[in-house]
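# take a look and give me a structure for this.
(one chain, ligands or ions: 1)
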Amino acid sequence: MNIILLGPPGAGKGTQARKLVDERNMVQLSTGDMLRAAKSSGTEMGLKVAAVMDAGELVTDEIVIGLIHEQLELDNGASGYIFDGFPRTLAQADALGALLVGMGETLDCVIEMQVDDEALVARITARSTCGSCGEVYNDNTKPIPADEKCTNCGASDFQRRADDNEDSLRTRLMAYYKQTSPLVGYYYAKGDLKSVDGLASMDDVAASIKSALD
Ligand code: AMP
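Numbers count the residues shown, from 1 in each chain. Here you go, the predicted structure:
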């Protein structure tokens, strides 16, 4: 089963993708994670995209399509892919469709995670993640434990993303509404779209996704 998690920054795509990886043995393909890895390891591409990412704008279609293409070849034969943060433009959606056809795969479902903007600002400005396993923490609802060890993997490497600030978030939201939200109509017209309430608790969102997929 191949699925897309679609939604604005802070909607909980990464959190739900990790749950699906654990529960269904699927492979998470997050272009945001791939780009951050390239940025922190200082590759030529990473240096090129760093300023664009920090400002909250989208990097070029060519770069992200290339990353997904590469990763699909590496993970060929996986039991299913979760596309997290990709596609974000119509050109990326077309490219993904063509890549899947080329691999003899189909896209089974697009889950739109609906959340309102006010909740996104509150979530994102309070967010930190474990640098080791990607577990997400929130200063208000799920604070970093007192012993400063990740509850999932035990590491003590908590990080705040450079683009998790109000200025970048405004740009990221604008990019979502201008460039990514047309994909809701695109996938609806194809008959692939299911929408869930992303503001519910993490477990309730997971249950809604489960019933959408099953
Ligand atoms: P994310 O972790 O998905 O919020 O992505 C962080 C940043 O990486 C975004 O604000 C963009 O700058 C860049 N990015 C991630 N995925 C894409 C994509 N599919 N297309 C263009 N830019 C992307």
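# going by neighbour count, list what's buried in stretch 112-129.
By neighbour count on 16 or more other Cβ atoms under 10 Å, the buried set for stretch 112-129 is Glu112, Met113, Val115, Leu120, Arg123, Ile124, Ala126, Arg127, Ser128, Thr129. No exception for glycine: its C-beta is placed from N, CA and C like everyone else's.
# among these, which two are most distant?
By the measure Cβ to Cβ, Glu112 and Ser128 form the most distant pair in the buried residues of stretch 112-129, at 25.9 Å.
# burial count for the closest residue to Val27 other than its chain neighbours?
Nearest non-adjacent residue to Val27, counting by Cβ to Cβ, 6 or more residues apart in numbering: Ala78, 4.2 Å away. Other residues within reach of Ala78, judged by other Cβ atoms under 10 Å, total 15.
# and the pLDDT for Ala78?
pLDDT recorded at Ala78 is 81.
# ok, how many other residues are close to whichever residue of the chain sits closest to the ligand?
Residue nearest to the ligand within the chain: Gly32 (2.0 Å; Cβ to the nearest ligand atom). By the criterion of other Cβ under 10 Å, Gly32 has 19 neighbours.
# mind listing what it touches?
Gly14, Asp84, Gly85 (Cβ atoms under 8 Å, 6 or more residues apart in numbering).
# which SSE is it in?
helix 31-40 (DSSP states H and E).
# same check, this time on Val196
strand 193-197.
# follow-up on the earlier one: and the pLDDT for the residue of the chain closest to the ligand?
For Gly32, the predicted pLDDT is 95.
# now the one 3 residues further on
We note a pLDDT of 96 for Leu35 in this prediction.
# what's the nearest residue to it if we skip its chain neighbours?
Val49 (5.6 Å).
# picking that back up, buried set for the helix holding Gly32?
So helix 31-40, judged by 16+ other Cβ under 10 Å, has buried residues Thr31, Gly32, Met34, Leu35, Arg36, Ala38, Lys39.
# so who does the fourth one touch?
If you count contacts by Cβ under 8 Å, 6+ apart, Leu35 has them with Gly46, Val49, Met53, Val59, Ile63, Val64, Leu67.
# out of those, who's nearest Leu107?
Nearest member of the contacts of Leu35 to Leu107, counting by Cβ to Cβ, is Val64, at 16.8 Å.
# take the contacts of Gly32 and keep only those in strands.
Asp84 (DSSP state E).
# can you pull the residues of the protein lying near the ligand?
Taking Cβ under 6 Å from any ligand atom as the criterion, the chain approaches the ligand at residues 9, 31-32, 35, 52-53, 56-59, 64, 85-86, 88, 92, 163, 172.
# fine, thanks again, bye for now.
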